[in-house]
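[1] just the structure for this:
(one chain, ligands or ions: 1)
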Amino acid sequence: MKRRNLVKALSVGAIAGAISACKPKAQDCTNSTTANTKTYKWKMVTAWPKNFPGLGTGANFLAEIINSMSGGRLQITVYGGGELVPPLEVFDAVSRGTAEMGHAASYYWRGKVPEAQFFGAVPFGMNAQEMNGWIYHGGGLELWTELYKPHNLVPFPVGHSGVQMGGWFNKEINTKDDLKGLVMRIPGLGGDVLARAGGSPKLLPGSELFTSLQTGNIDATEWVGPYNDLAFGLYQAAKYYYYPGWHEPTACLEGIVNKQAYDSLPEDLQEIIRIACIAATQNMLADYTAKNNTALETLVNEHHVQLRKFPDEVLEELKIQAHEVVEELGNQSEIGKMIYQSYKTFAEKTRNWLEVSEKAYLQAR
Ligand code: CA
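    All right, here's what the predicted structure looks like:
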């Protein structure tokens, strides 16, 4: 066949194929052409101050890559906490459609959806690597999607802090008795655990940590890790910097999308959101890994911070209490039981693998 004829035959074939592919769903073809040229302008509300290192910049990164991957067809404007809605109203705002998208942490909604805490941070639970394994390949995301369905939301993981620090203390912690009466800012399940160990957990927004610590209103506070803690200047208000962050082996952050807004998108834009969220998840963990280590150097070498490891006895006591707290959370509802079982089974299996891989390697090197 001569080239011209081949081209002609291919063109006719391609057109015929396109027509026959369109036939059963002629309406869909017209819609998809329209949809592929349509521009969507979305709002993303967040629980962080605008451009807040790690978390806020992670939300910006997500919006930027969605904009660029979609060739500008899905444009997302990011709003800091309080700009459009208060930080702790992100869930409701996206649920009712005030904003199409949100970026926050699932454990903020514990009063409304207690089971959501399994997707944020679990004391003595899975770290970022394990959480990703569970969420992406162990059934976690399906359960999370199910949990948020009645709330009109589609969830995606969007970032990890990695293992956090234990926090800033003005009181030495040498035995488990030192936890008794300890007044500490520590939210979520970590706070529940501290309370059972005899401490007195407090809920304070990040902006009040420094003053509360300096005035002695609290004995201790946790925040995130060196990168964010250095920026807050907490080393100026506390004597000791304890590790590890048993209460947050990672904070898995969430991207939530209003269900109607998500369903209104053509499939390729839905896929772009899904893939962009995976990229943003990896990018944030890399950001924290890179910045935490330089910030820790600055804290220790320039600000002479006293780094302390929690004694084994203290960690052991907290771990006993944590297992009870988490088990109770996992038995509160039918969906809670499913999530808890899935989380627990995966965590046990992956622990065996990490023992002979990551842990053995870290110890060996
Ligand atoms: Ca924290």
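[2] where does the chain have low pLDDT?
    Low-confidence segments of the chain, defined by pLDDT under 70: 1-35.
[3] near the ion, which residues of it are found?
    Contact residues (Cβ under 5 Å from the ion) of the chain with the ion: 164, 248. The C-beta positions use only the backbone N, C-alpha and C, and glycine is treated the same way.
[4] for the chain, longest helix please?
    When secondary structure is assigned using DSSP state H, the longest helix within the chain turns out to be helix 267-297.
[5] spell out which strands sit alongside the very next helix or strand once past that one in the sheet and which way each one runs.
    The element immediately downstream of helix 267-297 (helix or strand, assigned by DSSP states H and E) is strand 306-309. Applying DSSP bridges, strand 306-309 is found paired with strand 240-243 (parallel).
[6] extract the CA atoms of the partner strand and return them as PDB.
    Extracted in PDB, the C-alpha atoms of strand 240-243 (Å, rounded to 0.1, in the frame of the first residue of the first chain):
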ATOM      1  CA  TYR A 240      14.800  19.900  77.600                       C
ATOM      2  CA  TYR A 241      13.900  18.500  74.200                       C
ATOM      3  CA  TYR A 242      12.700  14.900  74.500                       C
ATOM      4  CA  TYR A 243      12.400  12.200  71.900                       C
END
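[7] immediately after that strand, which helix or strand?
    Following strand 240-243 in sequence order, the next helix or strand is strand 252-258 (DSSP H and E).
[8] how about that following strand: buried residues?
    For strand 252-258, the neighbour count (16 or more other Cβ atoms under 10 Å) marks 252, 253, 254, 255, 256, 257, 258 as buried.
[9] need the residues that contact that strand.
    The contact list for strand 252-258 (Cβ atoms under 8 Å, 6 or more residues apart in numbering) reads 55, 58, 62, 90-91, 94-95, 97, 99-106, 119-121, 128, 131, 135, 148, 152-161, 273, 277, 280, 284.
[10] then stretch 74-82?
    So stretch 74-82 is contacted by 39-52, 56, 59-60, 62-63, 66-67, 85, 87, 90, 99, 101, 103, 265, 269, 272-273 (Cβ under 8 Å, 6+ apart).
[11] that one: which residues count as buried?
    Neighbour-count burial for stretch 74-82 flags 74, 76, 78, 79, 80, 81 (criterion: 16+ other Cβ under 10 Å).
[12] what distance separates it from the centre of its chain?
    17 Å (Cα atoms, centre = their mean, to the nearest Å).
[13] export it as CSV, just CAs?
    Taking Å, rounded to 0.1, in the frame of the first residue of the first chain, the C-alpha atoms of stretch 74-82 are listed here in CSV:
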residue,chain,number,x,y,z
LEU,A,74,-8.1,22.9,37.3
GLN,A,75,-6.9,26.0,39.1
ILE,A,76,-6.8,25.9,42.9
THR,A,77,-6.4,28.9,45.2
VAL,A,78,-5.1,28.0,48.6
TYR,A,79,-6.5,29.8,51.7
GLY,A,80,-4.7,29.8,55.1
GLY,A,81,-6.6,28.9,58.2
GLY,A,82,-8.9,31.7,59.1
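[14] Three-state assignment for the residue in the stretch 1-150 of the chain positioned nearest to the ion, please.
    Of all residues in the stretch 1-150 of the chain, the one sitting closest to the ion is residue 121 (7.5 Å; Cβ to the ion). Secondary structure, DSSP: H, G, I helix; E, B strand; the rest coil: residue 121 is coil.
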